[in-house]
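In: The sequence and its predicted three-dimensional model are supplied below.
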Amino acid sequence: MMLVFCLWLLCLSGSSALEQDGEGHIVLQLGGFFPMEGGWPVGVYVQPMVELALKHVNENSTLLPNYKLSMTWNNTKCTAGDAITAANWQFSTIPELVGVIGEGCSVASEPIALLGGVYHMPQISYGSTSPVLSNEVLYPYFLRVCGSDVNQGLAWLAAAKHHKWQRVGTINSQESLHSMLTEKFLIGAQKEGISVIASESFPGSQNHDVSLLLANMAKKGVTIIFMACYSDDAARIFEEAKKIDVLSGPEVVFIGTDAWVIPSFWELSKGNALGSVGFSPAPGDSAFRKEIFDEYHALTGLDIEAAGLAYADAGYDAVLTFALGLHQILEVEEYPLTDIVSFRDHLYSYMLENTFFEGMTKGVTTFDSYGDKTTPYGMYNFQESGFVMTAEWDPLTDEWLEISDTIWPSNTTVVPPDRYPITFVYIGEGPRIAFIVIAALCAIVPVTFMIGLIVYWDHPIMVASTPAFMMCILFGTLMGISVVWVIAVIPNDVTCVLPNWLGHIAFWLVFSCLFVKTFRVWYIFREGDKLLTTIITNTQIFMMAAGIVLIVSIYLAIWTGLGRARPLAIPDVQFPEQYHIWICEYNNIWNIVIYAVELAFLACGCVLAYKINKVKILKKNMLRYNESSHIAVCIFCLIFVGLVIVPSVEWLSESNDTRFILECVALLVNAMVINCVMFLPKFYGIWTGKRSDSQTTSSAERTSRTQSSRGNRHVNVPQPSSSTT
């Protein structure tokens, strides 16, 4: 059905009468397609130039003297939908069309050219640069007086070679013209030995989130970024890049396409593109162009050096191409217009094979077998004063010509260097795996003791040591061991906070139990060999320990809320351009405060441990279960870690590996010393039966009888289970 419909349209278009003006000139109808808005509104600059070119042709008595050119045009908004609607309307309602000019955007030119193939409609584009349009099978009547983006990708490559950039990144929209441009650059970069560190793409949509691809660029340390997309997408990417410190610094350069090099992009980008560069066809430099632009400036107010006007030049040359071709076959060959389809075929063939003139665009306008003109490219620099063409590249000779100074994002003329791809490191794989395994083995010890404690919970030796406190100590040491597994993970928002909670809570769970048990023994025997009649129950000391842990938890919660640690990658001291080291950044004052409090308590605990050690000597016959020496060893171990290892970790170790190893050693040694010193003697006593229940009973009875025989009033004398630890 579609084929029948197209044949019917061709029949209608092949038998129309041609219009004449009041002077007897035959009016030749051209169609025009201009994006006056949308992703690349270059039609704003091209359409007035095309109208001016038509005026000049019609005023030239030696060019088409018996004919006049007229144009019907539509605003196609740089979209395929608007373009196909406008093309269908023109092709079906103006059957005498001899050809069309446009579109500027490739995404719009493609459907026009497809439909034009059905109508045998010659089409000359002034700005569509997609390599897809070089396909003469799909687009058999398409010509363009601008270069293919294949050459624009090669212009990128020329810029990279000229500026000695060896490590770069690319971003492109997934539309065919931008994908193929980028692919051409990637192929060339590989041949030239240029490393593309990161290559990202995104759907060309205002709703698509580009923050992730930019974050990947920043993560990989890319500073030279080639970007192919329309101006509205580019402006959005610049806005997002501004939010990422790494991509908004003076070292980062974005290199774009012709879609950037129009005055409206300056407004869209809000100045975020300062220092960046974009490639666009180089403007012509003939005297003829200067004369034309005087008149163009009077009509539009645009200066001859305004960026994007190379496409206005191309629009003028598109009209000249049609005018010269029509003059040849109508005035010279006198080819009949009776069959408009065959006329279009002949016109297209002539323009493709015989066009050769110097017009407004740079160089000679002529077409290769694909209908493309080979165009030199200018490199436009985004400066405070606007767009300035600072260099030019000729694809025919591969020559790079410096025209003026380029002002880079650093606000200097010094070419920003690329840098080695940043490798983000944390700790060596060897130490990381080793301590994960060691920590797992160490965790077996407190877990085993926990099981043993549960089994022998009611044994007199365990009862004498207060099993609930023993369980808290074991749980605290297990929590301390688990810190090793957390700090072995690359820092993130969770793993930067969790070690502080686990480490400090583990410390206070262990130390508070040791401290209050030591305090109770000291308090009862604070007058040497005199046993004081003081009651300090297990519940009371448990509440004391719980209160300490609660206060610490509140402090940690405030710390997390106001100054919590966050992951940060800092340059390595020796190789700052190659390696960034992951650390957890936090305000040191929070750590200093809690460490100071812990050291103060440790000092008090050390004094108490020394004093109750005397109690053991003085009362050794009565206090059979005094574990004060064991507690003292544990507290002295904590003191050593607090005074020696912690400062070494915090202030003396520059290497992440060294810090990690010291932290792990401190955590594991502490846990193992406390577990072994506090629990091995108990289980040894249980297994050997060294301390029997009868001994415990007789000791308690002797103590009770001694107190009663002195005639004292009844007092609560601490039994071994409460007066000792």
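Out: Right, received. Where do you want to start? Residues are numbered from 1 along each chain as shown.
In: Mind listing what's buried along the helix or strand harbouring V437?
Out: Following DSSP states H and E, one finds V437 within helix 429-455. Residues of helix 429-455 classed as buried: 431-432, 435, 439, 442-443, 445-446, 449-450, 452-453 (neighbour count, 16 or more other CB atoms under 10 Å). Every residue, glycine included, has its C-beta placed from N, CA and C.
In: and it, what does it pack onto?
Out: helix 467-487, helix 656-688 (3 or more CB pairs under 8 Å, 6 or more residues apart in numbering; DSSP states H and E).
In: Sort out which residues of stretch 167-179 are buried, please.
Out: Neighbour-count burial for stretch 167-179 [16+ other CB under 10 Å]: 167-173, 175-179.
In: and the residues you listed, which of them are in strands?
Out: 167-173 (DSSP state E).
In: Now P140. Its backbone dihedrals?
Out: Note on P140: its backbone torsions stand at phi -70, psi -10 [degrees, to the nearest 10].
In: List the contacts of it.
Out: Residues near P140 by CB atoms under 8 Å, 6 or more residues apart in numbering: G117.
In: Among the helices and strands packed on helix 429-455, show me which one is buried the most.
Out: helix 467-487 (a mean of 21; mean count of other CB atoms under 10 Å).
In: What helices and strands are in contact with that helix?
Out: helix 429-455, helix 498-524, helix 538-563, helix 656-688.
In: Which other helices and strands does the second one contact?
Out: Right, helix 498-524. By 3+ CB pairs under 8 Å, 6+ apart, helix 498-524 packs against helix 467-487, helix 538-563, helix 588-618, helix 628-640, helix 720-723.
In: Tabulate the ones you listed in TSV, adding columns for distance to D394 and mean pLDDT.
Out: Listed next are those as TSV, based on distance: least, CB to CB, whole Å; pLDDT from 0 to 100:
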stretch	distance to D394	mean pLDDT
helix 467-487	58	89
helix 538-563	59	84
helix 588-618	59	75
helix 628-640	74	73
helix 720-723	96	36
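In: how about those in a markdown table, adding distance to V137?
Out: Below are the helices and strands packed on helix 498-524 laid out as a markdown table (distance: least, CB to CB, whole Å):
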| stretch | distance to V137 |
| --- | --- |
| helix 467-487 | 62 |
| helix 538-563 | 65 |
| helix 588-618 | 69 |
| helix 628-640 | 81 |
| helix 720-723 | 97 |
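In: looking at those helices, which is closest to K191?
Out: helix 467-487 (45.3 Å; CB to CB).
In: Helix 498-524 and that closest one, what's the angle between them?
Out: Counting by axes from the mean of the first three to the mean of the last three CA atoms, to 10 degrees, helix 467-487 lies at 150 degrees to helix 498-524.
In: May I have the distance across stretch 96-115, first residue to last?
Out: Using CA to CA, to the nearest Å, the end-to-end distance of stretch 96-115 comes out at 16 Å.
In: Let me see the mean pLDDT of it.
Out: Across stretch 96-115, pLDDT averages out at 95.
In: swap in stretch 666-675?
Out: 87.
In: now stretch 193-213
Out: pLDDT averaged over stretch 193-213 gives 84.
In: now it, how far from the chain's geometric center?
Out: 10 Å (CA atoms, centre = their mean, to the nearest Å).
In: and for that stretch, what are the contacting residues?
Out: Contacts of stretch 193-213 (CB under 8 Å, 6+ apart): 39, 157, 160-161, 165-175, 178-179, 182, 186, 189-190, 216-217, 220-222, 229-230, 232-233, 236-237, 240, 243, 421.
In: Could you tell me the angle between the helix holding V437 and helix 656-688?
Out: 20 degrees.
In: Centre of the chain to helix 429-455, how far?
Out: 38 Å.
In: picking that back up, which of the helices and strands packed on helix 498-524 sits closest to P460?
Out: Nearest of these (CB to CB): helix 720-723, 8.0 Å.
In: Could you pull up phi and psi at S134?
Out: Residue torsions, per degrees, to the nearest 10, at S134 are phi -80, psi 0.
In: do V222 as well
Out: Dihedral angles (degrees, to the nearest 10) for V222: phi -80, psi 130.
In: so it makes contact with I171?
Out: No. Assessed by CB atoms under 8 Å, V222 is found out of contact with I171, at 9.5 Å.
In: Spatially nearest residue to H163 (excluding sequence neighbours)?
Out: Leaving aside its chain neighbours, H163 sits nearest to V415 (5.0 Å; criterion: CB to CB, 6 or more residues apart in numbering).
In: give me every residue that touches that neighbour.
Out: 163-164, 406, 408.
In: And what about it, helix, strand or coil?
Out: coil (DSSP: H, G, I helix; E, B strand; the rest coil).
In: And it, how close does it get to T406?
Out: V415 is 8 Å from T406, where distance means CB to CB, to the nearest Å.
In: what mean pLDDT does stretch 319-338 have?
Out: Mean predicted lDDT for stretch 319-338 stands at 94.
In: which parts of it are buried?
Out: 319-330, 335, 337.
In: With stretch 277-286 instead?
Out: Those would be 277-284, for stretch 277-286 by 16+ other CB under 10 Å.
In: Now tabulate the residues you listed in TSV and tack on pLDDT, distance to N492 and secondary structure.
Out: Converted to TSV, the buried residues of stretch 277-286 look like this (pLDDT from 0 to 100; distance: CB to CB, whole Å; DSSP: H, G, I helix; E, B strand; the rest coil):
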residue	pLDDT	distance to N492	secondary structure
V277	91	37	strand
G278	90	37	strand
F279	89	40	strand
S280	83	43	strand
P281	83	48	strand
A282	83	49	coil
P283	79	51	strand
G284	77	56	coil
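In: From those, pick the one nearest S553.
Out: V277 (55.8 Å).
In: Run through the bridge partners of that closest one.
Out: I255, N381 (DSSP bridges).
In: Is it in contact with V261, as I believe?
Out: No. Counting by CB under 8 Å, V261 is not a contact partner of V277; they are 9.2 Å apart.
In: what's the overlap in contacts for the two?
Out: In contact with both V277 and V261: Y380, using CB under 8 Å, 6+ apart.
In: Which one of the helices and strands packed on helix 467-487 lies nearest to S130?
Out: helix 429-455 (46.6 Å).
In: can you tell me which residues contact S176?
Out: 106, 130-132.
In: Give me the buried subset of the residues you listed.
Out: Using 16+ other CB under 10 Å, the buried members of these are 106, 130-132.
In: quick one: which two of those residues are the most distant?
Out: S106 and P131 (9.0 Å).
In: So for the two, which residues contact both of them?
Out: 149, 176-177.
In: between those, which is closest to E392?
Out: Distances from E392 to the shared contacts of S106 and P131, taken by CB to CB, are shortest for D149, at 17.6 Å.
In: Touching, that closest one and K184? I think so.
Out: Yes. Judged on CB under 8 Å, D149 makes contact with K184 at a distance of 7.4 Å.
In: overlap in contacts of the two?
Out: The contact lists of D149 and K184 share P131, where a contact means CB under 8 Å, 6+ apart.
In: No more questions from me, cheers.
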